[in-house]
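Asker: Have a look at this prediction, sequence included:
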Amino acid sequence: MATVVSHQAIGSIVSHRPSSFKASQFLKEPLNVPMKLRRKGFKIEATASQIPVLDTVLSPSKNTPQAFKKKSNEASLILIRHGESLWNEKNLFTGCVDVPLTEKGVAEAIEAGKRISNIPVDLIFTSSLIRAQMTAMLAMTQHRCKKVPIILHDESEKAQTWSHVFSEETRKQSIPVIAAWQLNERMYGELQGLNKKETAERYGTEQVHEWRRSYHIPPPKGESLEMCAERAVAYFEDNIQPELAFGNNVMIAAHGNSLRSIIMYLDKLTSQEVTSLELSTGLPLLYIFKDRKFMRRGSPVGPTEAGVYAYTKRLAQYRQKLDETLLN
Ligand SMILES: O=C(O)[C@@H](CO)OP(=O)(O)O
């Protein structure tokens, strides 16, 4: 059965672990994580066979054995496709070309932020492209926690050192943002920069639809969805899922096709089903990760709607805490 998730579809920082720390100490089944996360500014470290951990700046028990326990057996995962870009507006194949949002895209990102303003976010992953990063940042301006998203720069020793934050209190009021090229849009090859309508007129609607939506067939010199999934899903499994397993709440701001491949993994869609999965720009989708399963919860309707909070006790408690903090 075809799955269409478009319109009503789906909708702190952490801690330092000693390098000898083994995932098996706190997970029933250790995840074997080929990690190379080294986020010194926030004291987040992980190497192969460890669990990456966000932590703990939030945890008063940091650096005690308590700090190595899972924060929770449940975590939220928000997926958001970037708002409209200047090339979406012009109907051009974009792929890995790095174009910014339009004014409408900015408004969509802000609206998305309102919808998720009561849902906890401890860590943000974005692609390395500006449209996804703008979306994440603009969305977070609306969050009721009022924490500041900070992009972690670990491209060199110097970048790490020069972006170090020296106040623990300030780190507590921050949310680390990790930019990863693996979450980039599918590379569209020789279609990048071409007009979608003109390309369909030239090569035929069916051919172009196949390039755009089939799982296995790549556009000329570009990536198929399958190839895109290989790097995006591997990144998700290696770097994002371990954070969720630890109890950290994650937001991913990425792209139509990199997110389609991740949703295919989360919802266990077949290569046939994913062909009819369409994601709207700027629409946040919420999942709950619990007992090593992903449960799709839809798109939060808005900050005043209670509906989404009925889904889990933990989300309801988080919102209550925000309400109390803001009243005091
Ligand atoms: O141009 C692109 O990069 C993508 C997303 O806008 O296009 P498509 O609609 O074919 O997924």
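Answerer: In hand now; what should we look at? If you're wondering where the values come from, they're calculated on a predicted model, not measured in any experiment. Numbers count the residues shown, from 1 in each chain.

Asker: wait, what's in contact with Ile116?
Answerer: By Cβ atoms under 8 Å, 6 or more residues apart in numbering, Ile116 lies in contact with Ile78, Ile80, Ala139, Gln142, His143, Met251, Pro284, Leu286, Pro300. Just so you know, the C-beta spots here come from the backbone N, C-alpha and C atoms, and that holds for glycine as well.

Asker: Next: Asp291.
Answerer: For Asp291, the contacting residues are Asn73, by Cβ under 8 Å, 6+ apart.

Asker: Kindly provide the distance from it to Lys321.
Answerer: According to Cβ to Cβ, to the nearest Å, Asp291 and Lys321 sit 24 Å apart.

Asker: What of Gln173?
Answerer: Distance, Gln173 to Lys321, by Cβ to Cβ: 16 Å.

Asker: go on, Phe246?
Answerer: Noted for Phe246: a distance of 20 Å to Lys321, by Cβ to Cβ.

Asker: who's more crowded, the two?
Answerer: Higher neighbour count among Phe246 and Lys321: Phe246, with 27 against 13, using other Cβ atoms under 10 Å.

Asker: Can you give me the neighbour number for Thr161?
Answerer: 11.

Asker: so it, which of the three states?
Answerer: Here Thr161 is recorded as helix under DSSP: H, G, I helix; E, B strand; the rest coil.

Asker: pretty sure Ser280 contacts Leu79?
Answerer: No - between Ser280 and Leu79 there is no contact under Cβ atoms under 8 Å: 11.9 Å.

Asker: Counting neighbours, go ahead and name the busier of the two.
Answerer: Leu79 (27 against 15).

Asker: just checking, that one is part of a strand?
Answerer: Yes - the assignment for Leu79 by three-state DSSP puts it in a strand.

Asker: How about it, nearest residue that isn't a chain neighbour?
Answerer: Leu285 (4.6 Å; Cβ to Cβ, 6 or more residues apart in numbering).

Asker: Report the buried residues of the helix or strand that neighbour falls within.
Answerer: Using DSSP states H and E, Leu285 sits in strand 284-290. For strand 284-290, a neighbour-count test (16 or more other Cβ atoms under 10 Å) marks Pro284, Leu285, Leu286, Tyr287, Ile288, Phe289 as buried.

Asker: Name the SS class of the residue most central in space within the chain, please.
Answerer: For the chain, the residue nearest the mean C-alpha position is Ile252 (1.0 Å; Cα atoms, centre = their mean). Here Ile252 is recorded as strand under three-state DSSP.

Asker: any idea which of the contacts of Ile116 has the most stuff around it?
Answerer: Neighbour counts for the contacts of Ile116 peak at Ile80, which has 31 neighbours (criterion: other Cβ under 10 Å).

Asker: Hmm, Gly282 and that one touching each other?
Answerer: Yes - with contacts counted by Cβ under 8 Å, Ile80 reaches Gly282, the gap being 7.0 Å.

Asker: so how far is the lengthiest helix in the chain from its chain's centroid?
Answerer: For the chain, the longest helix by residue count, based on DSSP state H, is helix 313-327. Offset of helix 313-327 from its chain centre (Cα atoms, centre = their mean, to the nearest Å): 23 Å.

Asker: That one to strand 284-290, inter-axis angle?
Answerer: If you take axes from the mean of the first three to the mean of the last three Cα atoms, to 10 degrees, helix 313-327 sits at 120 degrees to strand 284-290.

Asker: what comes up buried for helix 313-327?
Answerer: Buried residues in helix 313-327, counted by 16+ other Cβ under 10 Å: Arg314, Leu315, Tyr318, Arg319, Leu322.

Asker: quick one: the closest residue in space to Pro120 that isn't next to it in sequence and the ligand, what's the gap?
Answerer: Among residues not flanking Pro120 along the chain, Asn249 sits closest, at 4.1 Å (Cβ to Cβ, 6+ apart). Note on Asn249: its distance to the ligand, by Cβ to the nearest ligand atom, to the nearest Å, is 27 Å.

Asker: quick one: Asn249 and Ile119 touch, right?
Answerer: Yes - counting by Cβ under 8 Å, Ile119 is a contact partner of Asn249 at 7.4 Å.

Asker: joint contacts of these two?
Answerer: With Cβ under 8 Å, 6+ apart as the test, Asn249 and Ile119 both reach Ser76, Ile78.

Asker: Spell out which parts of the stretch 101-250 of the chain neighbour the ligand.
Answerer: Neighbours of the ligand within the stretch 101-250 of the chain, by Cβ under 6 Å from any ligand atom: Glu185, Tyr188, Arg212.

Asker: which residues sit in contact with the first one?
Answerer: Same thing as Glu185. Applying Cβ under 8 Å, 6+ apart, the residues contacting Glu185 are Thr94, Gly95, Cys96, Ser127, Leu129, Ala254, His255, Gly256, Asn257, Ser258.

Asker: follow-up on the earlier one: name the helices or strands packed onto the strand holding Leu285?
Answerer: strand 74-81, helix 241-246, strand 293-298 (3 or more Cβ pairs under 8 Å, 6 or more residues apart in numbering; DSSP states H and E).
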